[in-house]
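> here you go, sequence then predicted model.
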Amino acid sequence: MDLKNQIELELYFADHFETVLFPVLADIYLRQNDFRRARKVCNIGLGYHENDSAGRFVLAQVEKAEGNLKNAEKELHHVLKYSPDHAGASIMLCEIQTVLGRAPSRLLKSWKRVLVLDPSNQIAAEFIEKIEADSGKKSKKQRTSKKNSVEPSPKSAPIKKIAEPLNVSVRLATFTLVNVL
């Protein structure tokens, strides 16, 4: 079978939904920007091969292309759970986590995984250096702020009670409610 022949793959897939070749067909659809078909092929194939990392990776690419970054992140975690040496999934996960604004500690862990898989990855090296430099600055600021902090006085000024209740104009309340809606 010619794995580059779309028609041949489609005919084979139609007769054999359980085939492990579903990521190849889904990838062809993905490259043609036919996300609906790529997703459908992935969902059918993953129904038979739930932990197929290639199928999950193609599905993550579809999710990313459609702008569903959280779903893409979830699929990439699944890929890396069963195929921890998948460099493409590691890099894409880092990119998505950066866009989603994940915590620096999580980003650092993900980028370090990329650097382990691909020591020549310049982006990962620069990103790790930047995050570690930023965390170094923050820890210094926290240490100096603790030294310079002023202890509150034990006696604080008593709170005066206001005798008059607060009146809110009906017009103001309506205007505020309209702005909220």
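Yep, that arrived.

> what does the average pLDDT come to for stretch 115-125?
For stretch 115-125, the mean per-residue pLDDT is 92.

> contacting residues for the nearest residue to residue 76 once chain neighbours are set aside?
Using Cβ to Cβ, 6 or more residues apart in numbering and skipping residues adjacent in sequence, the residue nearest residue 76 is residue 93, 4.2 Å away. All C-beta spots, glycine's among them, are computed from the backbone N, C-alpha and C. By Cβ atoms under 8 Å, 6 or more residues apart in numbering, the residues touching residue 93 are 73, 76, 77, 80, 110.

> what residues of the helix or strand residue 93 falls within count as buried?
Element membership for residue 93 (DSSP states H and E) is helix 87-100. For helix 87-100, burial by neighbour count (16 or more other Cβ atoms under 10 Å) applies to 89, 90, 91, 92, 93, 94, 95, 96, 97.

> widest-spaced pair of these?
Spatially, the most separated pair among the buried residues of helix 87-100 is 89 and 97, at 12.1 Å (Cβ to Cβ).

> picking up where we left off before, tabulate the contacts of residue 93 (CSV), appending neighbour count.
As requested, the contacts of residue 93 are arranged in CSV below (neighbours: other Cβ atoms under 10 Å):
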residue, neighbour count
73, 20
76, 29
77, 13
80, 19
110, 23
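
> output stretch 14-26 as CSV, restricted to C-alpha atoms.
In CSV, the C-alpha atoms belonging to stretch 14-26 read as follows (Å, rounded to 0.1, in the frame of the first residue of the first chain):
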residue,chain,number,x,y,z
ALA,A,14,-13.3,2.7,5.1
ASP,A,15,-13.0,-1.1,5.2
HIS,A,16,-10.7,-1.3,8.3
PHE,A,17,-11.6,1.4,10.9
GLU,A,18,-9.3,-0.5,13.4
THR,A,19,-6.2,0.1,11.3
VAL,A,20,-3.1,1.7,13.0
LEU,A,21,-2.6,3.7,9.8
PHE,A,22,-5.3,6.2,10.7
PRO,A,23,-2.8,8.9,11.7
VAL,A,24,-1.4,8.9,8.2
LEU,A,25,-4.8,9.6,6.7
ALA,A,26,-5.6,12.2,9.4
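
> go through that stretch and flag the buried ones.
Using 16+ other Cβ under 10 Å as the test for burial, stretch 14-26 gives 19, 21, 22, 23, 24, 25, 26.
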